[in-house]
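Novice: Quick one: sequence plus predicted model below, questions after.
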Amino acid sequence: MSRNLILGAALSSLVVLAALLSFVWTPYDHAALNIPAKLQTPGAQHWFGTDHFGRDMFSMIMVGARTSIAVALLAVGIGMSLGVPLGLTAAARKGSWLDELIMRGNDLVFAFPSLVIAILITAVFGAGAVNAIIAIGIFNIPVFARITRGAALSLWEREFIMAARVAGKGAARISAEHILPNVANLLIVQGTIQFSLGILAEAGLSYVGLGAQPPTPSWGRMLADAQTMVSFAPHLALIPGVAIILTVLGLNLMGDGLRDLLDPRIRVART
Amino acid sequence: KDDITIAMQLEPPHLDPTSAAAQAIDSVVYVNIFEGLTRFMGDGSIVPALAESWEISDDGTVYTFNLHDGVTFHDGTTMDAEDVKFSLDRARAEDSANAQKALFAGIDSVDVVDPQTVKVTLKEPDGNFLFNMAWGDAVIVAPESIENIKTAPVGTGPYTLGEWVQGDKIVLNRNPGYWGDQPALAQATFKFISDPTAAFAAVMAEDVDVFTGFPAPENLPQFEADPRFQVLVGSTEGETILSTNNKQPPFDNIKVRQAMAHAIDRQAIIDGAMFGYGTPIGSHFAPHNPAYVDLTGNSAFDPDKARALLAEAGFPDGFETTLHLPPPSYARRGGEIIAAQLAAVGIKAEITNVEWAQWLETVFKGKNFGLTIVSHTEPMDIGIYARPDYYFQYDNPAFQELMTTLNSTTDPDKRTELLQQAQRIISEDYVNGYLFQLAALSVAKAGVRGLWANAPTAATDLAAISWAE
Amino acid sequence: MLRYSLKRALSLVLSLAVASLVIFAVIEVAPGDPASFMLGVNAQEDTLAALRAELGLDVSKTERYFTWVAGMLQGDFGVSYTYRTPVSKMVADRMWVSLPLALYALALSTAIAFPAGIYAASRRGKAGDVAVMGATQLGVAVPNFWFAMMLVLVFAINLRWFNAGGFAGWDKGIWAGLHSLTLPAVALALPQAAILARVMRSALLDILGEDFMRTARAKGLTRRQALWRHGVRNALIPVLTIIGLQFSFLLAGSIIIEQVFYLPGLGRLVFQSISSRDLIVVESVVMLLVFAVIMVNFLVDLAYAAVDPRLRSRT
Amino acid sequence: MSLLRIDDLSLSIHGFDILKGVNLIIEPGEIVAVTGESGSGKSMTALAVMQLLPDGARTSGSIRLDGQEILTLPETRMCALRGAAVGMVFQEPMTALNPVKTIGDQVMETILIHKAMPPDQAEDRAREVLTRVGLPPDRFPLSRYPHELSGGQRQRVVIAMAIALRPKLLIADEPTTALDVTTQAQILDLLKGLVDEYGMGMLMITHDLAVVADMADHITVMRHGEVVEAAPTPQLLAGMKHPYTKMLFAASEHQVTLPEPLGQEPLLAVANVVRDYPLPRTRLFARPGQHRAVDHVSFTLHRGERLGLVGESGCGKSTLTRAILGLEPVQDGHILLDGQPVYTGNRPNLAVRRRMQVVFQDPYGSFNPRHRVDRLVTEPFFLLEKPPTGTERRDRIAEMLTAVGLSPDDAGKYIHEFSGGQRQRIAIARALITRPQLILFDEAVSALDVSVRAQILDLLAELCAAYDLTYLFISHDLSVVRTITDRVMVMQAGRIVEQGETEQVFSDPQHPYTEALIAAAPRLPRRRPMVAR
Ligand SMILES: Nc1ncnc2c1ncn2[C@@H]1O[C@H](COP(=O)(O)OP(=O)(O)OP(=O)(O)O)[C@@H](O)[C@H]1O
Ligand SMILES: Nc1ncnc2c1ncn2[C@@H]1O[C@H](COP(=O)(O)OP(=O)(O)OP(=O)(O)O)[C@@H](O)[C@H]1O
Ligand SMILES: [Mg+2]
Ligand SMILES: [Mg+2]
Ligand code: NI
């Protein structure tokens, strides 16, 4: 196991643990306002200080991890559950009109400015975590479709697929039985990367007010709230910023480490 | 130094104050490019502008305005009674796009007596008429230049439009042909900075000289402590209220509304959302108005009483509702605090952040909401409580009658009494949650003089501004 | 090549047609009425109707769609509801900020990423590589708006080297314009540079394992000569893909950065137009952005052909 | 003084010993061949001379080029030697050239990098060497890109690059392995000619003993990183001392004895089969052109018969295989197995396909790496209406694994736990498990080392006896086809140009193409009966 993997897994699991722990315990009620105690700097009482409403930052970071993880994970879920079948289908029907349709559709989605569409989606359906998930998820679909298709196409050239065809298996069965397990590693690695991008995207959307709605804490919104206060309460911006960076860093390191571990030759898209 | 850079949050969509509600338009053009018959002063008083003087008939229905001599529009055409008639008729016409058409609803006819005199006949006496004519929506425009008014505004004011870089800035230049005194500043640049952080940074970095309507009250102490800057804290006409859908159960129950009123800690909201800036109010009325009565006692913070009232109303375990929050930080931050305070007495208000367009559609027009927070910035707007179809749907015939009486009353003392009575009725009916009067916050370089502290209307009176030696 | 171009053109037209439908459909279902947004709370019903008629909002959606598309085909993108100026003029104005900003950021990002990626690849596994890769991991993880906040705090508020935001305008000279775009460009470029450097490195590492690199070494080229003469150009293909994607992103995706630095760019125009329900602006600008992205992809394809002769002969 | 003298060269990579005490001497004008099975360290020896070893390599001993010690030479001096004093040609012409540079640039680079002459002269020299290797600039201008050349032509460019500065030593690492026999013969001739003409020394690496015997003045046999035997060619051929050398030579001319073919009952009837692939359209509205990969092929395969199919790369052998398997439709003609079409309507005929199986070339790519052997081997059961289950299934697996020389216990292993030869055995087990009437072998032994290939051929012969196999054996390797088939067909550009009894065709080819093919194939000289055995 590489250093990357260990460090990445450690960071990521720290975040996940904090999120899980927050279901049963946080030092304070994350939503409890205490305006007289606002803007305290980190100290013994409040480890990460308090925000402009006197809420405990540590508790908010813990619960915010939950939001980030949930949004990013579900968005990756959407992307995978739609993108992978599309990619497999396109590869199985390489060169056909269906392949063409799927790939052109992909290109089209890629051509849309993602943030603008995310803003539009939330303008249409209202701001909220669910719509953030959909907005991020939609743009995950072509990523997974494309990478699955690419990997599947090269697998379709392999002789063991030919052997399966000789054994009379149809394209759907071959995709499920032979292609999917062999692209799984790639998908896991890409999934980790998309997961980390999802965390960033959620933060961005929340930052412009389109993510999870209060009182659900979200790192992006914490940053947005803190923005005007950086000059006199920098911890409000630093702490959620560092939380995002460490989480994304952890996931990326883990992705790299997993790639080295699972298959050093696979390539992942990283944009 | 005879130029200045003034920043504000919102950019005007266009520059015609007579066909849009956007306050940003007035903030740039009012009394700078366009002038009306009367105008607001910084202290809220109404003084003559293009009308030098006027006579009011005894029954209060005919106003004869004597116009200033030698006033020309920026394009050189003269401003005379025909222009006044054109402007007023245009505003009240069938197909008018005036956002405040109600201001002109009382006008029966506008007649040109001679080039310097214009006679306005009202359908019935209106104590507010001179006040109405001071609004930005009632400025005088010329038929010659009306076509392109939105992008090439031509008015009578001391400044002309220099340049407009959309999305960035508007530059106004001194009008050498101005009929009044020449202002001190030769050029003023309005910059539009919507992001509060950017606003702070821009002032701190001295990119701008003045920021009117500074969006981040939390940053003001830093400016106050900095000798390079001065901070102006005044008041606006904005009553910030927790608007309540009076027709929607359970808010149709006065006990519920009363319970909410007692559940809310105004000071916490002012401290938490506005960092201390803002005056608590107990009714829909501006504290700086002479007719103001302090009714905050009616809804003192008392969670126990709130719980008791809720139980009485049949909601011992509270209830669930929605809280729609438009973009300004008073609403977004105030909403979070109010949601927490309501939660403390058992009312679960689910927050939905909306944009203005959405707010107008769902809350204001659709009346599809439980609670919302909004600042009503029109001056003297207690009359909205007499409109049963208004979005908070308060329908009280007694109050409506009171308003009719008020409108036909011109005697100042009588008016004060009626206004105070009106304040009491809505306060005791707990129509909405009355939170605070929005503060007017401006930051400027220490050397800037003549800025309005208060904001009786949206305006940046450039002619009053100068640099200290 | 001709066949290829024709095919591309056809798929471009189709994509744009589908895109226009999607955009129109999505935007038209958004709640909110531009007229009532403009006229505010005290507007009367007849005033609203008058304004709607003036804006052309009183006809059916299908009719509006076709008017819009027909207009675009003639180069007329409509007139903004709120600003009452032609959308094409507004876009052209904003382009003068967005495009230079995107190019500036792209230039910065490539200027950082290429040397960093090449350096890391040439020292694979050594301390230099580990350091560069660590830095890029960090760069990828930093949200650019947060980074922008920090830049403003340090360079505008504390050090006062740059303005906190705003755009000086090109009429004040190229230098002033670039100066005011520097912080935003840096905020945009660094995370992109991190990604690009990683791609550059891994592409180069792939190339380093190729047979022809060994051939080059067998000819007597040093490691460095082989890397520069044979490696870099071959590695450009994946790198170009990323540059294309990044450019598209920079053109449209810098909304948040434009917001932080209050730049009058395209992104902010869209953002404002969405909130003021200036639908025609949103529709036309998104359409233009989609067009731009497709064009950029096309250019990237042409660039591939310039880099890789194998793609040139594809008829 | 020798041109190249390697003394006691040892090499380890990341602590693994790769070479152990290798000795080798090359004199000017001499061709020294290094041979041995895959992984024996041939390439590493060559790379050590070039000092282009992979990262983490450590060497000891001595390599002297013209008396100069190379192992301790600083990198800059080494760069000056590479390309100028030592040239090298690699195995894979498809990837050995930079795809984005013209061949002219690449040949000139060798000259320019050593500043041997000014650019204009360098260009003349590039033309000259390209002409010398058979690519005259009037037909192959310097501005061509590698992808515009065939494999053999690319290899010529690589050679031109290596000899542009007339190095004293040329190293060729499997220079013809990736090429067709006819092309291989041309390239070998070219190399030989160059050595004669320039008086170079050449280190030639190949695993093909026939090539070795034909070309080399000296032969060095390696195994597991050690030199097991080295001698001048005639001597070595006459009397091999080391058992490994003997085994190697024996294996490469290994013959098997097939049981007599059964009766003359037709099993597979291929009649007038045509397979076209659409070419990409050249103009938008033009009809796409067709590439005819299989052109009116007809033949009959009888029950119990072993039929061979030979031909150059790209002549359509695999395409024909796919058509017979019913994986792809054919454009004309028909294919009947036992009187039934393999492809009806738009789908393959599963009832027919059940009776056929196939073994592919690549022992590494033929199996899903995520499945265990039992699942891999039983994949064809999918075709059966009632696939065996439980103990019956287990018994069948055990029987098959035993039949191909593996143990029933191997059923639980994953494919990466097997060597190339073992994998090919598993592939045969998979093909046999449904007891098909017909098996197709598509280059089934081409990727294997000679010794392993000999074992697989033995296995096939045994299985023929045990199971009465009928098969179509496809290969480009004539010697293999000769021993493992009863009848053979020769294919050229999609057509069968000749078919007949195997011995008949090989000893008395009728078609000129067959003749050329047989003439080009390198052959081990008929050795005297091995006294030592
Ligand atoms: N880069 C490397 N790192 C570590 N070990 C290597 C590397 N390259 C080759 N080897 C090992 O060195 C040994 C000798 O390899 P070499 O390439 O010299 O074999 P070869 O005789 O040329 O075989 P072939 O005929 O397959 O080309 C093999 O065991 C191989 O696994
Ligand atoms: N799917 C395909 N599409 C287009 N052309 C193809 C396709 N498959 C094969 N061909 C072409 O058909 C011809 C015959 O190919 P095939 O694979 O049958 O050759 P082969 O004799 O098996 O060669 P090798 O010995 O290299 O395996 C070649 O020219 C090849 O390029
Ligand atoms: Mg080798
Ligand atoms: Mg083949
Ligand atoms: Ni034998």
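Specialist: Perfect, I can see it now. Ligands and ions are numbered 1, 2, ... in the order given.

Novice: So is the helix or strand containing A:Glu100 next to chain D?
Specialist: Applying DSSP states H and E as the criterion places A:Glu100 in helix A:97-111. No. Helix A:97-111 is not in contact with chain D by C-beta under 8 Å from any C-beta of the partner chain; minimum separation 14.7 Å. For glycine as for every other residue, the C-beta is placed from the backbone atoms N, C-alpha and C.

Novice: Return the set of buried residues in that helix.
Specialist: Within helix A:97-111, the residues scored as buried using 16 or more other C-beta atoms under 10 Å in any protein chain shown are A:Asp99, A:Ile102, A:Met103, A:Gly105, A:Asn106, A:Asp107, A:Leu108, A:Val109, A:Phe110, A:Ala111.

Novice: The closest residue to the first one other than its chain neighbours and ligand 2: what is the separation?
Specialist: Excluding its sequence neighbours, the residue lying closest to A:Asp99 (C-beta to C-beta, 6 or more residues apart in numbering or on different chains) is A:Ala90, at 4.4 Å. Between A:Ala90 and ligand 2 the computed distance is 17 Å (C-beta to the nearest ligand atom, to the nearest Å).

Novice: for A:Ala90, what are its contacts?
Specialist: Residues counted as contacts of A:Ala90 (C-beta atoms under 8 Å, 6 or more residues apart in numbering or on different chains) are A:Leu98, A:Asp99, A:Ile102, A:Met103, A:Ala145, A:Arg149.

Novice: My reading is that it lies in a helix. Confirm?
Specialist: Yes. Per DSSP: H, G, I helix; E, B strand; the rest coil, A:Ala90 lies within a helix segment.

Novice: Quick check: the residue of the stretch 1-150 of chain A nearest chain D.
Specialist: A:Gly95 (10.0 Å; C-beta to the nearest C-beta).

Novice: Could you look up the SS state of that residue?
Specialist: coil.

Novice: Kindly report the same for D:Gly21.
Specialist: strand.

Novice: That one reaches D:Val228, doesn't it?
Specialist: No. With contacts counted by C-beta atoms under 8 Å, D:Gly21 stays clear of D:Val228, the gap being 11.6 Å.

Novice: State the distance from the residue nearest to A:Asp99 to C:Leu311.
Specialist: From A:Ala90 over to C:Leu311 the distance is 22 Å, taken as C-beta to C-beta, to the nearest Å.

Novice: The most centrally placed residue in chain B: what's its closest spatial neighbour, skipping adjacent residues?
Specialist: The C-alpha lying nearest the average C-alpha coordinate of chain B belongs to B:Thr377 (C-alpha atoms, centre = their mean; 3.1 Å). Spatial nearest neighbour of B:Thr377, excluding adjacent residues (C-beta to C-beta, 6+ apart): B:Gly238 at 4.2 Å.

Novice: try A:Phe144
Specialist: Here the residue nearest A:Phe144, using C-beta to C-beta, 6+ apart, is A:Gly83, at 2.8 Å.

Novice: Same check on D:Ser318?
Specialist: In space, D:Ser318 is closest to D:Asp442, 5.8 Å off (C-beta to C-beta, 6+ apart).

Novice: Quick check: that neighbour touching D:Ser366?
Specialist: No. Assessed by C-beta under 8 Å, D:Asp442 is found out of contact with D:Ser366, at 10.4 Å.

Novice: Which neighbours do those two have in common?
Specialist: Common neighbours of D:Asp442 and D:Ser366 (C-beta under 8 Å, 6+ apart) are D:Val359, D:Phe360.
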